[in-house]
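**Student:** this one's structure only:
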């Protein structure tokens, strides 16, 4: 089996990982739209390789910093796009299109917080993968990378386990901000999200590669803490708005009651 070097590049708002082999390259996630030029320049100028050596791009889920560059990568290199085996598009229907717009604006908000210059983040709402994968399968053309289904953040999140080195790329499953770990936003299914954390813990990985937080060796005690502190209720934009409205309603009612007592 060919040796593999895993390289982390700083993307527009997230870390982007390349698995570099002597004769092929795997991109562990689709990144943002502006990451396409950065990754291809790295292959061409730093590695001094043809961009057609990029054989596969995995899309772990459909958010702008994970799927935003996928179609552009395929257009420029002829690579395969690999994603979860889901019959329904994540951004389906009118509600899905609205969420697609919201998610691009959230990505722009994160970029502003990070001091990035604003740029075009538009990408197709519907992914057209070449290969759909499920739990336990190998990444096409990369037999040393195993697919793990780790949903909860969305319904189709994938993680990638490098069997040889026991390193795992977990996309947005775990996020590290400065000196603390946080759960991603949104969380669509808290129970499934906790099971996904437990799945990664049970692997006993040598290193966890995060899209937001870099690489880190995470011990079992830290995993236990992450699981114990994981959200117990859905955390979506819809749920947040509903919670705020209910809170306002309760607060207004409390004020009304106090006024009645006076």
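**Tutor:** Received the coordinates, thanks. Because the structure is a prediction, the values reported are computed rather than measured.

**Student:** contacts and neighbour counts: CA atoms only from here.
**Tutor:** OK.

**Student:** quick one: low-confidence parts of the chain?
**Tutor:** Judged by pLDDT under 70, the chain has its weakly predicted residues at 1-2, 238-262.

**Student:** same thing but 90
**Tutor:** For the chain, the stretches with pLDDT under 90 are 1-3, 178-179, 235-262.

**Student:** That one: helices as residue ranges?
**Tutor:** 35-41, 64-67, 70-77, 93-113, 190-203, 220-228, 237-261 (DSSP state H).

**Student:** Please tell me how far the second one is from the chain's geometric centre.
**Tutor:** The reference is to helix 64-67. Averaging C-alpha positions (CA atoms, centre = their mean, to the nearest Å) puts helix 64-67 7 Å from its chain's average.

**Student:** packing partners for that helix?
**Tutor:** For helix 64-67, the packing partners by 3 or more CA pairs under 8 Å, 6 or more residues apart in numbering; DSSP states H and E come out as helix 93-113.

**Student:** Please name whichever of the helices of the chain is nearest to residue 13.
**Tutor:** helix 93-113 (6.0 Å; CA to CA).

**Student:** which strands and helices sit next to the closest one?
**Tutor:** Using 3+ CA pairs under 8 Å, 6+ apart, helix 93-113 sits against helix 64-67.

**Student:** Show me what the helix it packs on is in contact with.
**Tutor:** 12-14, 29-33, 59-61, 103-104, 107, 121, 123 (CA atoms under 8 Å, 6 or more residues apart in numbering).

**Student:** go on, stretch 227-241?
**Tutor:** 183, 185, 186, 187, 188, 189, 190, 191, 194, 197, 198.

**Student:** neighbouring strands for the lengthiest strand in the chain, and are they parallel or not?
**Tutor:** Of all segments of type strand in the chain, defined using DSSP state E, the longest is strand 142-149. Strand 142-149 has the following sheet partners, assigned by DSSP bridges: strand 138-139 (antiparallel), strand 158-162 (antiparallel).

**Student:** any idea how far the first one is from the chain center?
**Tutor:** Using CA atoms, centre = their mean, we find the averaged C-alpha position of strand 138-139 to lie 18 Å away from the chain's own average C-alpha position.

**Student:** returning to that earlier point: which among the contacts of stretch 227-241 end up buried?
**Tutor:** Buried residues within the contacts of stretch 227-241, defined by neighbour count using 16 or more other CA atoms under 10 Å: 183, 186, 187, 188, 189, 190, 191, 194, 197, 198.

**Student:** farthest-separated two in the residues you listed?
**Tutor:** Among the buried ones among the contacts of stretch 227-241, 186 and 198 lie farthest apart (CA to CA), at 18.7 Å.

**Student:** Distance to residue 176 added to the buried ones among the contacts of stretch 227-241, as CSV?
**Tutor:** Shown next, in CSV, are the buried ones among the contacts of stretch 227-241 (distance: CA to CA, whole Å):
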residue, distance to residue 176
183, 9
186, 15
187, 16
188, 19
189, 20
190, 19
191, 21
194, 17
197, 14
198, 17
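
**Student:** so which of those comes closest to residue 207?
**Tutor:** Distance to residue 207, by CA to CA, is smallest for residue 197 among the buried ones among the contacts of stretch 227-241, at 14.4 Å.
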